[in-house]
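# Pasting a predicted model and its sequence here:
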Amino acid sequence: MTHSGRFLLIALAAWLPTATANETVTITLDPNAQPLTTFVPADTFGAGIDGHEAGVTRRLLRGANLARMKEVGFGPFSYRLRTELAVEAWHWNPAGRFSGADGKSGYWLSDTTPGRPIAVSYGYRLPRRGTSGDQANNDGYSRLDDGDPASFWKSNPYLDQHFTHEDNARHPQWVVVDLKEPLPIDAVRIHWGQPHARAWRMEYCTNLHADYIENRICNAWAAFPQGVIADGQGGTETRRLAAAPITARFARLLLLQHAGDAAPATSDIRDSIGYAIRELGVGVMDENGVFQDRITHAKDAHRQTAMFVSSTDPWHTAKDRDPDTEQPGLDAFYASGLAGTGAPLIPVPLLYDTPENAAAIIAYLKRQGHPVLQIEMGEEPDGQYATPEDYGALYLQVATALHRIDPALQLGGPGFQTAIDGYRSWPINDEKRPWMTRFMEYLRARGRENDFNFFTFEWYPFDDCCGEASLQLAMHPRILKSVLDGLRADGVPRALPWMITEYGYSAFGCRAEVDIEGALLNAETVGLALQEGAARVYLYGLEPAELMDELNCNSWGNNALFLADAQMNIRSATATYHGARLINQDWVGPPGAPHQLLPIAVTGGTVFGLPRVSAFALRLPDGTLSILVINKDPTNAYDLAVEFLAPDGPTPAPGPVALTQFSRTQYQWHPAGELGRPVVNQGPVSLTAPALPVTIPAYSLSVVRLGT
C-alpha cells in the first residue's frame, strides 16, 4: 500500500511510442524442457473472503451469491482478518468470557465448546489504543492526545520480559508524533499512567524532508540534547529537551525500562506490565518556563495530531464492540462450501489479541471437525508499524500455544502489505536492516526457525490507480520481480514456500479494477507468481462489492469479480470474473492433476524496453501445450507465432490451434460514478484456427492450445 513507482511511469508516458499494428510476437519454447515448476491448479489458484460492516456477511454468504462465487473455479481459500487492520480484538466466537472479576472487562477468551454454529463474529475496539488511524474503517483515535486524562494508551503486556523472557531493552516500546510540518521543539510533557517508564529517551527525525509516514521515509533519528532520561518519576513530567528549539516534523518517545509500579486494583499480571501514558504533549517552553503544546488533542483521528505506537494492550470491555467490523463466522465459512473439502488458510490474531485466544481458535476448529493445517499469524504487521523483533516475540508465543494443540500445524506470515520500495521498520539504535532480515535472525537466535513454515505477502502494486493504466501494466512484471528479489535478499529463505495471500490492481477503489485492465493484471500476477516459484496465490475480491472512489479522482471501482447492489445481490460480473474463469477453466486442464510451467522466450511487442506482451506456457497432464498470452497494449493487435526448439533450429508449431480470447470486443465498461457498469459483458470466445500465426487483439487475454 505504498507509492508504486508512479513518478517513473509519468516520466515514461512522454517516451513510449505506439507499436506498429500487427507486428509479430514470437514465443519460442522447448516442449520437452525441464519445467520451471510443477503445480496442481486446485491447490494453487485460490481466493479469499474478508470482514465487512455490520449485517453484510449474512447477505454475502447466501445461496445465489455462493453459487456464482463457486462457478469461478477457485480451489484453496484464505480467510482474511480485518480486526488486525482495525486495531481491534477478535471475538471469533461471540460466546466466551472476560478475564476481569466483573465479567465485563479484561482480556477476552472465546469459548471452544461446540454449540450453535457461529454465523458471524465481531471486532472490539481497544480503549487503550495509541495509534490514531487504521487501515480498516479508520474511525478510531489515539488515547495519547484525546484530551481525556482518564483514558490512556498502554503497550502490549505480551512484549514485557514476563512473557518474552528477554530484557525489556530488547523490545523498546515507542510513540511517534507526526506534527505534519517541521516545527520548533524543545520540551515534552508526559502525563504518565501506570506503569510508567523509568528510563526513556526523546528523539527527533533528522531528515527535515521526511514525509509520508506510511513509507517510513524517516530513517535517521537523534536524541534531543537533554532528552535521555534515567530517573523518570511518573505522574506528570515536563522536561526541557534542548537549550534552543530544534526544528523537526517527527518526534519519538522511546520507552526503555518501566518503573515497576503496577496498575491499581488488579490481580492480572497483564494489567500491571508494559507502559501507560494518559496524555502526551510536544512543543516549546517559553522564557517563563511555561510549556506551549504543539499537539492538537481531540477524540477524533482526523482532528488530533497523528500518533503511531509500537503496540497496544488488547484489554477491552463488553461495551467496545465495533458494529462496523464483522467477520464471517468460522462455521459459516466452512459450511459455505467455498473451501471445498480442503484445509483453508486460517488466520489467528497476533498484534491486538492474546495467544490464548489465538490457540482457542484451533481448539474449536478441531472439535468441530473442520480441516485446518496452515495458519497465517496476524496480518500486515508492517502496516501496523510493528518492529520485526516485537512481531517475532508475539509470533513465538502464539506458535508455542498453537503447537500445544497440534504440533503438525504449519505456521507462517507475516502477511506483508504491498511495499514497492522495500520492507523496513523505523530504525531504533541505528538498526536499519530490512524487516525480514531481522525477523529471521530473531527466530534463528532462539532456535525457532522451524516454526516459520511459509512466507506470505499481499500484492496491490498501484496505489495511484488513477494514473495511466497501460503504463502501469507495462511496468508490472519488473515491479513484482524487483519486490521478490528484494525479499529474497532481505532473508526470506529460497527453499521456503511463499504465497500471495491477496492480489489485485490497487488497495484503493478505481476504474481499472473493474475494467479490462484489472483482468489483465490479475491474470499476469498468476503467471508471474508461478514463474517465480509461488506455492499459492489468492485473488482478493471474490465477494460481491459496491463501487468506490477512494482516491477522489472520479474513478469508481473495486477489487471485485461481481458488482453488488445495496442488498449485496450480484448485479453483474466484471472483467476480472471472466479473466479468472479463463485461467481456471481454459488455460489449465484437469484442476486436480499436476501441470508443468515451461520456460519460454518472447520476442517482439517491446517498446522502450517494456514488453507489451506477456506469455506463460503450460504442459498439461495429457501433454498438450496451453499458452496464456496477455496483450497489454491498449490500441495495437499483434500476430502471434509459436516456435519449437529443435536440433536443426526453431520450427513453427504445428496446427490446428484451439484459441480462447477475451478482449474489449467481449467487455466494455461504462463509467457512471457509483452506478458504473459494463455495457458489453460477454465471456471469452473460442474458435479453431488451422495454423499459426493468430491475431492477439489489443488489451486481451488469449489461451492458445496446440499439440506437440
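Looks like it came in fine.

# Count residues in the vicinity of Val269, would you?
You called it Val, but residue 269 is Ile. Using other CB atoms under 10 Å, Ile269 is surrounded by 12 other residues. Every residue, glycine included, has its C-beta placed from N, CA and C.

# check contacts around it.
157, 162 (CB atoms under 8 Å, 6 or more residues apart in numbering).

# Who does Glu203 form a beta bridge with?
Ala223, Arg252 (DSSP bridges).

# For it, give its distance to Gly133.
Separation of Glu203 from Gly133 (CB to CB, to the nearest Å) stands at 22 Å.

# just Glu517 next, same as before
29 Å.

# my guess is Gly518 contacts Tyr503, does it?
No: using CB atoms under 8 Å, Gly518 makes no contact with Tyr503, being 10.8 Å away.

# Contact partners for the most centrally placed residue in the chain?
With distances taken as CA atoms, centre = their mean, the residue of the chain nearest its centroid is Gln417 (3.3 Å). Contacts for Gln417 (CB under 8 Å, 6+ apart) come out as 1-2, 135, 380, 382-383, 457-458, 460, 507.

# what about the strands in the stretch 501-650 of the chain?
When secondary structure is read from DSSP state E, counting those that start in this stretch, the stretch 501-650 of the chain shows strands at 536-539, 562-564, 570-573, 595-598, 600-603, 606-607, 610-611, 613-619, 625-631, 638-644.

# what comes into contact with the second one?
Taking CB under 8 Å, 6+ apart as the criterion, the residues outside strand 562-564 that touch it are 65, 68-69, 514, 543-547, 570-574, 577, 677.

# Neighbour-wise, which one of the residues you listed leads?
The contacts of strand 562-564, ranked by neighbours (other CB under 10 Å): first place Val514, 33 neighbours.

# still on that earlier bit, same list, the strands of the stretch 501-650 of the chain, but as JSON lines with mean pLDDT and distance to Phe452 please.
Compiled in JSON lines, these are given as follows (pLDDT from 0 to 100; distance: least, CB to CB, whole Å):
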{"stretch": "strand 536-539", "mean pLDDT": "98", "distance to Phe452": "16"}
{"stretch": "strand 562-564", "mean pLDDT": "96", "distance to Phe452": "36"}
{"stretch": "strand 570-573", "mean pLDDT": "96", "distance to Phe452": "39"}
{"stretch": "strand 595-598", "mean pLDDT": "98", "distance to Phe452": "26"}
{"stretch": "strand 600-603", "mean pLDDT": "97", "distance to Phe452": "33"}
{"stretch": "strand 606-607", "mean pLDDT": "82", "distance to Phe452": "39"}
{"stretch": "strand 610-611", "mean pLDDT": "90", "distance to Phe452": "35"}
{"stretch": "strand 613-619", "mean pLDDT": "98", "distance to Phe452": "29"}
{"stretch": "strand 625-631", "mean pLDDT": "98", "distance to Phe452": "32"}
{"stretch": "strand 638-644", "mean pLDDT": "97", "distance to Phe452": "42"}
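
# got JSON lines for the ones you listed, with distance to Trp587 too?
Formatted as JSON lines, these follow (distance: least, CB to CB, whole Å):
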{"stretch": "strand 536-539", "distance to Trp587": "14"}
{"stretch": "strand 562-564", "distance to Trp587": "21"}
{"stretch": "strand 570-573", "distance to Trp587": "18"}
{"stretch": "strand 595-598", "distance to Trp587": "9"}
{"stretch": "strand 600-603", "distance to Trp587": "14"}
{"stretch": "strand 606-607", "distance to Trp587": "23"}
{"stretch": "strand 610-611", "distance to Trp587": "19"}
{"stretch": "strand 613-619", "distance to Trp587": "7"}
{"stretch": "strand 625-631", "distance to Trp587": "5"}
{"stretch": "strand 638-644", "distance to Trp587": "15"}
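
# Run a quick neighbour tally on the closest residue to Leu350 other than its chain neighbours.
Among residues not flanking Leu350 along the chain, Gly378 sits closest, at 3.2 Å (CB to CB, 6 or more residues apart in numbering). Residues lying near Gly378 (other CB under 10 Å) number 24.

# The closest residue to Ala535 other than its chain neighbours: neighbour count?
Counting by CB to CB, 6+ apart, Ala535 lies nearest to Pro497, which is 3.9 Å off, once chain neighbours are set aside. Other residues within reach of Pro497 by the criterion other CB under 10 Å amount to 16.

# who are the neighbours in contact with Pro497?
Applying CB under 8 Å, 6+ apart, the residues contacting Pro497 are 412, 453-455, 535-536.

# that older thread, nearest to Trp153 among the strands of the stretch 501-650 of the chain would be which one?
strand 536-539 (34.1 Å; CB to CB).

# Note down every partner strand of that closest one and its orientation.
When DSSP bridges is applied, strand 536-539 pairs with strand 45-49 (parallel), strand 498-503 (parallel).

# Helices of the stretch 51-200 of the chain, residue ranges please.
Secondary structure of the stretch 51-200 of the chain (DSSP state H, counting those that start in this stretch): helices located at 56-60, 63-70, 82-85, 161-164.

# what's the farthest-apart pair in the contacts of Pro497?
Asn453 and Arg536 (12.8 Å).

# Looking at those two, which is more packed in?
Remark: of Asn453 and Arg536, Arg536 carries more neighbours, 22 against 16, as counted by other CB under 10 Å.
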